[in-house]
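Visitor: with the sequence up front, the predicted model follows.
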Amino acid sequence: MSSAFVSLQNVSLAYGKTVVVPDLRLDIRKGELVALLGPSGCGKTTTMRAIAGLMSLHAGSISIDGVDMSRTPANKRGVGLVFQSYALFPHLNAFENVAFGLRLKKLPRTEIIGRVEHGLSTVGLSHLAQRKPAEMSGGQQQRLSLARSLVMEPKVLLLDEPLSNLDARLRLEMRTELQRVQRDTGITMIFVTHDQSEALALADRIVLMKDGVIEQLGTADDLYNRPETEFAADFFGFENIFEVSGSSIRGPQGSVSISFTAKAGHLAWRPGAVKIGSGPHKATVRGVAFAGEHREYVFDTGLGQIKASAPAGEPAYELGASLSFDLPEDGALSIPAKN
Amino acid sequence: MTGTWASRLIIGLTLTFLIGPFFIIIAAGLSAGDFLAFPPDGLSLKWYLKVFEVESFRESFALSMFLAVFGTIAALILGVPAAYAISRYQIPYGETIKTIVAAPIIVPGIIVGLALLRYLVVPLNFTITLALFLAHTALVLPYAVRVVSSSLNNLRSDMEEAAVLLGCSRLGAFFRVVLPNIQSGVLAAFILGFVTSFNQVPVSLFLSGPGVRTLPIDMLSYMEITYDPSVAALSALLALMSVVIVFVAEKFLGFSRYV
Amino acid sequence: MFQNNREGLALALPAAVFTAALFLLPVGILLSEAFQVDGQWSLQGYFDFAAKPLNQVVFLRTLKLGFLVAFVSAIIGYAAAFCIVNLDGKHRGRVFGLVVLPLMISPVARTYAWIVILGRTGIVNDAIQGLGLSDTPIRLLFTETAVFLGLLQLFLPLMIISLVSAMENLPKDVVPAARVLGANWLQVFTRVILPLTKDGLVLGGTLVFTGSLTAYITPAILGGSKVLMLETLLYQRVNVANDFVSAGIIATILIVMSFGANLLLKRISAARS
C-alpha cells in the first residue's frame, strides 16, 4: 500500500518457541494516531516492541517511511518510545534526561540547549529542568518521558499504556496533551492500551487484537457501534450475546423466541438496551448495584444470566423480585455468522 | 504483651555476647604488663605502638592489603559482567554457570589453599603470591556477583531500552545508564569483598612461604610463640578498622542491606 | 529479556571459566585423589580413615558441635530477632547494624578475645579464684566448651539476620490476631511464628551449621590439638604427616556435608513456594 507510513507485512513474533503473534499485517498512515487495543497477552505490546526494534522478527518485515527496517537495530530506527514505567534515568536531572539522545548525536551545544528547552516547554516542565525524576510527580515524569522522545523528532512515536499510571484527573490532562502534541507536530503515533475508553477517546483508528490476531480495525465509531465479532462486541460493552437459531435465541440455560427476524449468527445487547418492566420474558433479580446515574442489574432468565441497567430515577427492583423484560429489535446488534 | 524490659534485656545480653569481647581485647591491648591479662596490669599504649614496629606484621599487612584490594578489583572485573548477564539475559546453561560461580562459598577454604598449592604452585611454578591472588579473587567473586546482581535486579531494564532507542549502543547504555545507577551496589560489593578477603584465613593456611604470609596467618603464628598483648592490640586495631569501614559504608550506602 | 544470548554467554563465561579452571579443577583433583590407592580407584582410603578411633572422635565432635551451635543459636536467635523486629525503625536499624558488625571483623580478632576471657589469667579464672571457688586456675581454654562459645559468637549473627528478615516478611498483625483468638505465647510461637519463619530458620541453620563445620580459626585457637575438629585435623595431617589422602577424605566429607545442608535448604524452601 503506497499510503502506508508504517507497514507490517506478515509479521510473526515469538518468545523462544512460544509464538505470540502468528501473522500480522498492518498499515498505518503518516500522521495517524493509532491505538493497539486488547486484553493483556493479546500481543499488542510485543507488536509495539517489534516496531521499536526491541524484539526481533520471527518472520515478515517492517518498513517505516518506505525503508525496510526489519534488520535495523533499535538505536538506528528513529523510533521513539514512551515507556509505561517512563524509564527515566534516575541519575540525571530533567534537562539531562531530555538532552541524553541529542548529546549522543553529537549536536552542537547551543542546538542541544535550544532543543531541550523547547522540548521541556512543550510539555510545560521548563521550571523543573534541574529536578531529578525522583523529585517529580507521576504526571511530570510522564511528560518528561514524552519530551525526551519528542526532541529526537522521531518518525514514529510509540507509547506504552500512556495513561495507565495516572490518576483520573491527570489522565484527562495527559490525553489533551497528547492530542495537542500530535496536532502540533503531526507525528505518527501508535499507542498500546487495554482500556477501550482511552482508545475511543484518543485514536483516529483502533486496532483491536486478540491472541496475536487483529480482530477488527476501524475508527472509534466503527468499533463502538458496529463491532463485527463476538469478542469485539463484548469488549465494547455488548455484554449480552446470544446465538440465533431460527426465530429464537439460545443462551446457556435455554432458548427464548424473539419477535423479529434475525440473520444467522449472534445477537447482542448492551445492558442499557434491555427493556425492563414489560415484555414477553420473565426474570428474577439476582443482583442489583447502584452506580450513580444508573442501577445495574443481573437477572436470572430462561436464557441464563443477563445484565441490564436502568436510569436511577426509575423505580428500583429489589433482590429476588420478579419482573418482565424484553430484548427489543431496537438496540440489538446483529453479528453475522462467519463464512 | 511482653514487657519492654524483657525485650531490652534479651537484646542487651545478645549484644554483650557479640560485641563485649571486643572491648575486652581493646582493654587487654592497653596493658602495661608483658603478659596477656584482663583486667590489664596498668595502662599503656606500648603494645599498640609495638604492633607497628614488628617487621612481619608490616609485611603481612601489606600483602593482605594487596590481596584484598586487587583480588576484589579482579573479582569485580569478572563479576560485574557476569552479574549483568545473569540478570539481563537468558543464558544457555545459566543455572550451571551460576552454580560454578557460587561454588567457592561452599568449598571450605582450607581445601582450596591445599589444592592450589599442590596443583598450581608446585607443578606449574606459580608463585605463592599469584596463587593467593587467584584464590582470593575466586573467593570474593560470588559475593561480587550476588551484591551487584541484587542492585541490577532493582534497576528496571527498560531504562536500557530507552537509552538504546535514544541512540545508544548496548555497551554505551551500560556505561551511561546502568553503571551510574548501580554505583553504590558496586561499591558495597567492593567493601564486602575487601573485608572478606582481608579477614580470610583458611585459604592462606597452606599458601604461605618465606616472607609471604597474610596478616591473619602471621597473627596466628605469632600467638603460638608469644603470649604478650601485642596480638590483642593488633586485633583491636583490626576490629576498629572494620568498624570504621562499616560505619562509613552504612552511612553512605546503607551497607547492611547488601550483606 | 534481552534476546542475544550469545552476548550474554560471552559476558558470563570469563567468571565461570576462571572459577572452574583455577578453583574447581584443582579442588576436584585433590578430592579425586582420596578415591585412589596406588593408582587404582578404590574406597580403601575411606575404610582406613573410618577405622581410626581418633578420626571417629573428631568426626562426631565436629558434627555434634555443628548441630549444637546451630541449635543454641536458633534459640537465642528467635528471642533476639523477635525483640529486634518489635523495635521502632530507628532503634531497629541500629541494633541490626550492631548484630551485622561482628561479621565484618577479623575472625582472628573475634576469637582472640576468648583467650583473654577464658585464659589462665583471664576474667573467668580471676573471678573463680577471687570468689575462692578454686585455688588454682581451671583449664577453660582448649575445651569443647571454649570452641562452642567461640563458634556461637562467630555465627550467631548469621542466624539472627536470617530470622529477622524472615520475621520482617511475616504478614502484619498475625501475632496479635493469634493472641486475640486465644493463643498463649507458646502457642503463638509454635503455631504461628515457627511455621511462618521456617525458611529463615532453615537458611540460618544451614549457614551456622556449615560455618561451624568448616571453621578453622576457632578450633585452632580455642581447641588446639586437644579438641581437634575436621578442619584442624586436616591441617595437622598435612603439616605433620604429609598425609594428602586423609586430607582429601576430610575435604570430601566437609564438602558433602556442606552441599548436603545446602541442598536440604533449597529443597525445603522450594517445597514451600
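Guide: That came in fine, so what should we check first?
Visitor: which elements pack onto the helix or strand containing B:Ser184?
Guide: Assigned by DSSP states H and E, B:Ser184 falls within helix B:179-199. Applying 3 or more Cβ pairs under 8 Å, 6 or more residues apart in numbering or on different chains; DSSP states H and E, we find helix B:179-199 packed against helix B:55-88, helix B:128-153, helix B:230-253. For every residue, glycine as well, the C-beta is placed using N, CA and C.
Visitor: near chain A, which residues of the stretch 151-259 of chain B? Just list them.
Guide: By the rule Cβ under 8 Å from any Cβ of the partner chain, the part of the stretch 151-259 of chain B lying against chain A is B:156, B:158-159, B:161-169, B:172, B:176-177, B:180-181.
Visitor: burial measure for C:Arg179, as a count.
Guide: 16 (other Cβ atoms under 10 Å in any protein chain shown).
Visitor: now the closest residue to B:Phe198 other than its chain neighbours: how far from B:Val231?
Guide: Excluding the flanking residues, the one nearest B:Phe198 by Cβ to Cβ, 6 or more residues apart in numbering or on different chains is B:Ala68, at 4.1 Å. Relative to B:Val231, B:Ala68 is positioned 20 Å away (Cβ to Cβ, to the nearest Å).
Visitor: show me what contacts the residue of chain B found nearest chain A?
Guide: Going by Cβ to the nearest Cβ, chain A is nearest to B:Leu166 of chain B, at 3.3 Å. Contact analysis of B:Leu166 by Cβ atoms under 8 Å, 6 or more residues apart in numbering or on different chains lists A:Asn75, A:Phe100, A:Gly101, A:Leu104, A:Arg148, A:Ser149, A:Met152.
Visitor: so which of the residues of the stretch 151-259 of chain B next to chain A belong to helices?
Guide: The helices, defined by DSSP state H, take in B:Asp158, B:Met159, B:Glu161, B:Ala162, B:Ala163, B:Val164, B:Leu165, B:Gly172, B:Pro180, B:Asn181 from these.
Visitor: pretty sure the third one contacts A:Ala74?
Guide: Yep, that's B:Glu161 we're talking about. Yes - contact criterion Cβ atoms under 8 Å: B:Glu161 and A:Ala74 qualify, at 7.4 Å.
Visitor: hey, what's in contact with both of those two?
Guide: Joint contacts of B:Glu161 and A:Ala74 (Cβ under 8 Å, 6+ apart) are A:Ala52, A:Leu54.
Visitor: okay, now residue 154: neighbour count?
Guide: Since no chain was named, I'll use chain A. 23.
Visitor: not quite, I wanted chain B
Guide: Residues contacting B:Asn154 under the criterion other Cβ under 10 Å number 11.
Visitor: with C:Leu54 instead?
Guide: 9.
Visitor: show me the shaky parts of the stretch 151-259 of chain B.
Guide: B:255-259 (pLDDT under 70).
Visitor: show me what contacts the closest residue to chain C within it?
Guide: Going by Cβ to the nearest Cβ, chain C is nearest to B:Ser235 of the stretch 151-259 of chain B, at 3.4 Å. The contact partners of B:Ser235, taken as Cβ under 8 Å, 6+ apart, are B:Ile25, B:Gly29, B:Met219, C:Ser106, C:Val108, C:Ala109, C:Tyr112, C:Ala113.
Visitor: hmm, try it at 7 Å
Guide: Taking Cβ atoms under 7 Å, 6 or more residues apart in numbering or on different chains as the contact definition, B:Ser235 lies against B:Ile25, C:Ser106, C:Val108, C:Ala109, C:Tyr112.
Visitor: same check on B:Phe22?
Guide: Contact analysis of B:Phe22 by Cβ under 7 Å, 6+ apart lists B:Ala239, C:Ala113.
Visitor: repeat that for the one 3 residues further on.
Guide: Listed by Cβ under 7 Å, 6+ apart, the contact set of B:Ile25 reads B:Ala232, B:Ser235, B:Ala236, C:Ala109, C:Tyr112, C:Ala113, C:Val116.
Visitor: how about C:Val208?
Guide: For C:Val208, the contacting residues are C:Val69, C:Ala70, C:Ser73, C:Phe155, C:Leu158, C:Met159, by Cβ under 7 Å, 6+ apart.
Visitor: need the pLDDT of B:Val148.
Guide: As predicted, B:Val148 sits at a pLDDT of 93.
Visitor: tell me which stretches of the stretch 1-150 of chain C form strands.
Guide: In the stretch 1-150 of chain C, the segments counted as strands under DSSP state E, counting those that start in this stretch are C:36-37, C:40-41.
Visitor: for chain B, which of these is the nearest?
Guide: strand C:36-37 (14.1 Å).
Visitor: check which helices and strands that closest one sits against.
Guide: Here strand C:36-37 touches no other helix or strand, going by 3 or more Cβ pairs under 7 Å, 6 or more residues apart in numbering or on different chains; DSSP states H and E.
Visitor: now do it: everything it contacts.
Guide: Counting contacts by Cβ under 7 Å, 6+ apart, the residues outside strand C:36-37 that touch it are C:Ser42, C:Gln44, C:Gly45.
Visitor: helices - which of the residues you listed land there?
Guide: C:Gln44, C:Gly45.
Visitor: now list the buried members of the contacts of strand C:36-37.
Guide: Buried subset of those (neighbour count, 16 or more other Cβ atoms under 10 Å in any protein chain shown): C:Gly45.
Visitor: just the contacts of strand C:36-37 now: which is nearest B:Ile225?
Guide: C:Gly45 (35.0 Å; Cβ to Cβ).
Visitor: list the contacts of the residue nearest to the closest one when sequence neighbours are not counted.
Guide: Spatially, and ignoring its direct neighbours in sequence, C:Gly45 is nearest to C:Val245 (4.9 Å; Cβ to Cβ, 6+ apart). Counting by Cβ under 7 Å, 6+ apart, C:Val245 touches C:Glu33, C:Ala34, C:Gly45.
Visitor: do you know how far the last one is from B:Leu165?
Guide: Between C:Gly45 and B:Leu165 the distance, using Cβ to Cβ, works out to 62 Å.
Visitor: do the same with the first one
Guide: C:Glu33 sits at a distance of 56 Å from B:Leu165 (criterion: Cβ to Cβ).
Visitor: looking at the two, which is more packed in?
Guide: For C:Glu33 and B:Leu165, the more surrounded residue by other Cβ under 10 Å is B:Leu165, and the numbers stand at 29 against 19.
Visitor: show me what contacts the closest residue to that one other than its chain neighbours?
Guide: Excluding the flanking residues, the one nearest B:Leu165 by Cβ to Cβ, 6+ apart is A:Leu81, at 5.1 Å. By Cβ under 7 Å, 6+ apart, the contact set of A:Leu81 is A:Ala52, A:Ser149, A:Leu158, A:Asp160, B:Ala162, B:Leu165.
Visitor: checking A:Leu81 next. Helix, strand or coil?
Guide: strand (DSSP: H, G, I helix; E, B strand; the rest coil).
Visitor: against B:Asn181, how distant is it?
Guide: Taking Cβ to Cβ, one finds A:Leu81 at 19 Å from B:Asn181.
Visitor: same question for A:Arg270.
Guide: 49 Å.
Visitor: ok, B:Glu59 next?
Guide: In terms of Cβ to Cβ, B:Glu59 sits 40 Å off from B:Asn181.
Visitor: which one of those two has more residues nearby?
Guide: More crowded of B:Glu59 and B:Asn181, by other Cβ under 10 Å: B:Asn181, with 18 against 15.
Visitor: so that one sits against A:Pro90, correct?
Guide: Yes - using Cβ atoms under 7 Å, B:Asn181 makes contact with A:Pro90 at a distance of 5.9 Å.
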